[in-house]
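K.L.:
requesting a structural model of the entry that follows:
(one chain, ligands or ions: 2)
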Amino acid sequence: MGRYCEEVKKVSIELMKALLESLNLNPKTTIIPLTKKLEDGMQVMAVNCYPPCPEPELALGLPPHSDYSCLTIVYQNCQGLEIMDSTTSSWKLVPHVPHALQVHVGDHFEVLSNGLFKSIVHRATLHRDRTRLSIASLFSLGMDDKMGVATELVDDDDKKKYRESSFRDFIDFLASNDIAQGKNFIDTLKIQNNNND
Ligand SMILES: O=C(O)CCC(=O)C(=O)O
Ligand SMILES: [Fe+2]
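P.N.:
Ligands and ions are numbered 1, 2, ... in the order given. Reported below is the predicted structural model:
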């Protein structure tokens with residue numbers, strides 16, 4: 001497991017670099033410093049075990065949520081992860097490809113990209129006759145590092161669609177909100193501004 005943690009972190013850094021480049025961010029002022037913060041940042045490993053359920057259509061392993069992270073990498077031993085397709089408002093099953101890793105963007109990357117990338121709402125379903133295991137690795141900046149909109153993506157502060165926040169801000173949010181009741185951290189970060197669509 002220790003080896004997996006180390007290797008999956010390397011994968012996350014390479015993916016983040018590629019995503020940051022795809023946003024055309026400045027290597028010197030943004031990509032290199034942000035990558036360094038990610039290397040020194042938080043890696044939360046959620047090891048989920050979902051036992052068989054006699055009535056899987058009536059229950060969920062994990063309720064719909066988005067991850068607070070920049071990036072989440074999931075390893076699953078069988079299918080069960082579903083993502084919300086916002087264009088059709090329907091759940092789409094992530095196929096189980098043996099040995100493949102599923103990658104999705106979290107709230108902090110939506111913030112950084114000023115909404116160009118969307119944090120994916122997802123949930124875990126159950127099986128009638130088998131146990132499902134998943135390992136979700138959530139990567140973010142350090143506990144008190146603030147993630148805000150990349151300045152290259154907005155020509156003035158009024159165009160920012162999100163306010164900045166840290167991992168600690170997310171923990172504080174969790175302490176007073178129930179994500180099982182549909183409360184989303186990302187919604188608390190959105191700035192209502194006439195200049196925003
Ligand atoms: O079990 C899964 O596939 C998803 C796990 C997950 O979403 C999480 O731990 O945040
Ligand atoms: Fe998740």
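K.L.:
how close does the residue nearest to the spatial centre of the chain sit to ligand 1?
P.N.:
Centroid-nearest residue in the chain, with C-alpha atoms, centre = their mean: Gly106, separated by 2.2 Å. Distance, Gly106 to ligand 1, using C-beta to the nearest ligand atom, to the nearest Å: 9 Å. For the C-beta atoms, the positions are set from N, CA and C on the backbone; glycine is no exception.
K.L.:
buried residues, the biggest helix by length in the chain. List them.
P.N.:
If you go by DSSP state H, the chain has its longest helix at helix 2-22. By neighbour count on 16 or more other C-beta atoms under 10 Å, the buried set for helix 2-22 is Val8, Lys9, Ser12, Ile13, Leu15, Met16, Lys17, Leu19, Leu20.
K.L.:
so can I have JSON lines of those residues showing pLDDT?
P.N.:
Shown next, in JSON lines, are those (pLDDT from 0 to 100):
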{"residue": "Val8", "pLDDT": "97"}
{"residue": "Lys9", "pLDDT": "97"}
{"residue": "Ser12", "pLDDT": "97"}
{"residue": "Ile13", "pLDDT": "97"}
{"residue": "Leu15", "pLDDT": "97"}
{"residue": "Met16", "pLDDT": "96"}
{"residue": "Lys17", "pLDDT": "96"}
{"residue": "Leu19", "pLDDT": "96"}
{"residue": "Leu20", "pLDDT": "96"}
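K.L.:
distance to Gly115 added to these, as a markdown table?
P.N.:
A markdown table is the format used below for the buried residues of helix 2-22 (distance: C-beta to C-beta, whole Å):
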| residue | distance to Gly115 |
| --- | --- |
| Val8 | 27 |
| Lys9 | 27 |
| Ser12 | 22 |
| Ile13 | 23 |
| Leu15 | 19 |
| Met16 | 18 |
| Lys17 | 21 |
| Leu19 | 14 |
| Leu20 | 16 |
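K.L.:
which ones are touching Gly41?
P.N.:
Phe139, Ser140, Leu141, Gly142, Asp145 (C-beta atoms under 8 Å, 6 or more residues apart in numbering).
K.L.:
on that earlier part again, against which helices or strands is the helix or strand just after the longest helix of the chain packed?
P.N.:
Counting by DSSP states H and E, the next helix or strand C-terminal to helix 2-22 is helix 32-39. Judged by 3 or more C-beta pairs under 8 Å, 6 or more residues apart in numbering; DSSP states H and E, the packing partners of helix 32-39 are helix 2-22.
K.L.:
gap between the helix it packs on and the chain center?
P.N.:
The chain centre lies 14 Å from the centre of helix 2-22; the measure is C-alpha atoms, centre = their mean, to the nearest Å.
K.L.:
list of residues touching that helix?
P.N.:
Residues contacting helix 2-22 (C-beta under 8 Å, 6+ apart): 30-31, 34-35, 38-39, 43, 45, 70-71, 73, 75, 101, 103, 105, 109, 117, 135, 137, 139.
K.L.:
got the CA coordinates for it in PDB?
P.N.:
What follows is helix 2-22, C-alpha atoms only, in PDB (Å, rounded to 0.1, in the frame of the first residue of the first chain):
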ATOM      1  CA  GLY A   2       2.900   2.400   0.800                       C
ATOM      2  CA  ARG A   3       4.400   1.800  -2.600                       C
ATOM      3  CA  TYR A   4       1.000   2.400  -4.200                       C
ATOM      4  CA  CYS A   5       0.700   5.700  -2.400                       C
ATOM      5  CA  GLU A   6       4.100   6.800  -3.600                       C
ATOM      6  CA  GLU A   7       3.500   5.800  -7.200                       C
ATOM      7  CA  VAL A   8       0.000   7.200  -7.500                       C
ATOM      8  CA  LYS A   9       1.300  10.500  -6.200                       C
ATOM      9  CA  LYS A  10       3.800  10.600  -9.000                       C
ATOM     10  CA  VAL A  11       1.000   9.900 -11.500                       C
ATOM     11  CA  SER A  12      -1.100  12.800 -10.000                       C
ATOM     12  CA  ILE A  13       1.800  15.300 -10.400                       C
ATOM     13  CA  GLU A  14       2.300  14.300 -14.000                       C
ATOM     14  CA  LEU A  15      -1.400  14.600 -14.700                       C
ATOM     15  CA  MET A  16      -1.600  18.000 -12.900                       C
ATOM     16  CA  LYS A  17       1.300  19.400 -14.900                       C
ATOM     17  CA  ALA A  18      -0.400  18.300 -18.200                       C
ATOM     18  CA  LEU A  19      -3.700  19.900 -17.000                       C
ATOM     19  CA  LEU A  20      -2.000  23.100 -16.000                       C
ATOM     20  CA  GLU A  21      -0.300  23.300 -19.400                       C
ATOM     21  CA  SER A  22      -3.600  22.700 -21.100                       C
END
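K.L.:
many thanks, we can stop here.
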